[in-house]
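Peer 1: Here you go, sequence then predicted model.
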Amino acid sequence: MTASKVSLLCVLPEAWRDYYLDGFRKRLPDVQLVLPQDAIPPESITYAFVLAPPPGYLARFPRLKAIMPVGAGVEHILADPDLPDVPVVRMVQPDMAQRMSEYIVQHVLNHMRRYREIREAQARQAWNLFVSPTAQDTTVGILGLGTLGQHAATYLRPLGFKVRGWSRTPKSVQGVECFVGDDSLPEFLSGCDVLVSLLPLTPETAQLIDAQALKCLPRGASLINASRGGIIKDADLIASLDNGEVSEATLDAFDIEPLPEDYPYWTHPRVTVTPHCASAATVEAVADRLREVITQVERGGMPSPVVDRTTGY
C-alpha cells in the first residue's frame, strides 16, 4: 500500500475520533487518513471506515472500493438507498468472539448470583442472605446462533449452564438445544432463565423482543442484549421490568447512541447500562483488520466476510 493510491475516509463520532486516528497513524503510516471536513477531491477516496454516515454521503466517492463499518452492526449502512455497489466488509477481529463471550459470561453470572441485589444491599448497609441457583439449574437462551452465538455457547457450557439457541435458519450446535423459525420462538423463550440477544438487526428481527415475547419468558427471567438496540421494544421491556415479569436487564446496545441523558434506562433500578463495549476491540486490532482488508482488495481479492445485502448480515 502507498499513500498515493490508498486513502481511508473515517466517519466517526467525535468522542472516538482521536482514539482511532492516533492509533491508525501509528499502525497504518502508508495510508492517507481523511476526515469528512478535509478538503480533498472525492475521487481520491478509495476506502471508508464509518459509523452511521448520512444517507447518500458515501455515493459522493466514485472510486470507493470497500466500506468497513465500525463494529458488527451494518443496518445503519444498508439503510442508505444510495449505498455504492462495493463490498461492505465486516470488521471481524480475531478476538471479537472471545470478548463478546467474556461479556456474556460475566453478566449471566451476575444475574444468576443476584449481583445487582447484593450491590443494592451494600448501598443500604444491609447484611442480607442471598441464595442463588447453580449453573446446572440455569438455562441460558441465545437468540442468534451465528459465529458469536456459537462461541458464547462454548464458554457457557463448561460452567455447567444448560444452553438453548434460536435462529432464523437451521443450526446444529453440539450440546445446545436448537430452535428455528418464528413458530418455535415462544417455546424457545419459555425455557430461558437468562435470555441473551446476539441477533443482527434486520426487518425480520426489529423489535422482536416485545411485550408478547417477554410474556413467554418464565416470570423473573432476565435479559442481556449485546446485539442491536432495535431488537427490543423499549417501552415493553420497561413495562415488564416494572411489573416483575423480567427481573433485570443488562443492555449494551440502543436505538440512539450515545444513550440520551434523560432516557429511562439510565436510572431504572433493574437495568445495567454498558456503553456498547461488549466486544470493543483495541485500535491496534482494528488497524490490523483494516490493513488486511485493504491489502486483499488491492491485490484483486475479495475480503471475508462480506455482508449479504439480501439478508442484512
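Peer 2: Structure received.
Peer 1: count of residues packed around the residue nearest to Phe61 when sequence neighbours are not counted?
Peer 2: Nearest non-adjacent residue to Phe61, counting by Cβ to Cβ, 6 or more residues apart in numbering: Ile45, 4.2 Å away. Bear in mind the C-beta positions are built from the backbone N, C-alpha and C, glycine included. Ile45 sits with 21 neighbouring residues when counted by other Cβ atoms under 10 Å.
Peer 1: Pull the contacting residues for Ile45.
Peer 2: Each residue near Ile45 by Cβ atoms under 8 Å, 6 or more residues apart in numbering is listed here: Ser7, Leu9, Val34, Phe61, Arg63, Leu64.
Peer 1: Kindly report the same for Pro94.
Peer 2: Shown in contact with Pro94 (Cβ under 8 Å, 6+ apart): Ala285.
Peer 1: and it, what element?
Peer 2: Per DSSP states H and E, Pro94 falls between elements, in no helix or strand.
Peer 1: quick one: it from Glu177, how far?
Peer 2: 29 Å (Cβ to Cβ, to the nearest Å).
Peer 1: Also Val140?
Peer 2: As judged by Cβ to Cβ, Val140 and Glu177 stand 11 Å apart.
Peer 1: higher neighbour count, these two?
Peer 2: It is Val140, of Val140 and Glu177, that has more neighbours when counted by other Cβ under 10 Å, with 27 against 14.
Peer 1: Direction included, what does the host helix or strand of the more buried one pair up with?
Peer 2: Val140 is located in strand 139-143, with elements delineated by DSSP H and E. Note on strand 139-143: by DSSP bridges, its sheet partners are strand 162-167 (parallel), strand 194-197 (parallel).
Peer 1: I'd like the next helix or strand past the shortest one.
Peer 2: Using DSSP H and E, the helix or strand that follows strand 194-197 in sequence is helix 211-216.
Peer 1: what packs against the helix or strand just after that next one?
Peer 2: The first helix or strand that comes after helix 211-216 along the chain, using DSSP H and E, is strand 221-225. Helices and strands touching strand 221-225, by 3 or more Cβ pairs under 8 Å, 6 or more residues apart in numbering; DSSP states H and E, are helix 96-112, strand 194-197, strand 246-251.
Peer 1: ok now the last one, how far from the chain's centre?
Peer 2: This means strand 246-251. Relative to the centre of its chain, strand 246-251 is centred 17 Å away, using Cα atoms, centre = their mean, to the nearest Å.
Peer 1: Tell me the helices and strands packed up against that strand.
Peer 2: When contacts are defined as 3+ Cβ pairs under 8 Å, 6+ apart, strand 246-251 sits against helix 96-112, strand 221-225, helix 234-242, strand 271-273.
Peer 1: Next up, the contacts around Ser167.
Peer 2: So Ser167 contacts Gly144, Leu145, Gly146, Gly149, Cys178, Phe179, Val180 (Cβ under 8 Å, 6+ apart).
Peer 1: How many residues are close by the first one?
Peer 2: I take that to be Gly144. Neighbourhood size, Gly144 [other Cβ under 10 Å]: 24.
Peer 1: What does it show for phi and psi?
Peer 2: As for Gly144, its main-chain torsions (degrees, to the nearest 10) stand at phi 100, psi 110.
Peer 1: returning to what we had before: select from the contacts of Ile45 every entry located in strands.
Peer 2: Counting by DSSP state E, the contacts of Ile45 place Ser7, Leu9, Val34 in strands.
Peer 1: closest to Trp266 among the residues you listed?
Peer 2: Closest to Trp266 out of the ones in strands among the contacts of Ile45 is Leu9 (33.1 Å), distances taken as Cβ to Cβ.
Peer 1: For that closest one, give the beta-bridge partners.
Peer 2: Leu9 has the following beta-bridge partners by DSSP bridges: Val34, Ala48.
Peer 1: I figured it was touching Tyr47, is that so?
Peer 2: Yes - Leu9 is within contact range of Tyr47, at 7.0 Å (criterion: Cβ atoms under 8 Å).
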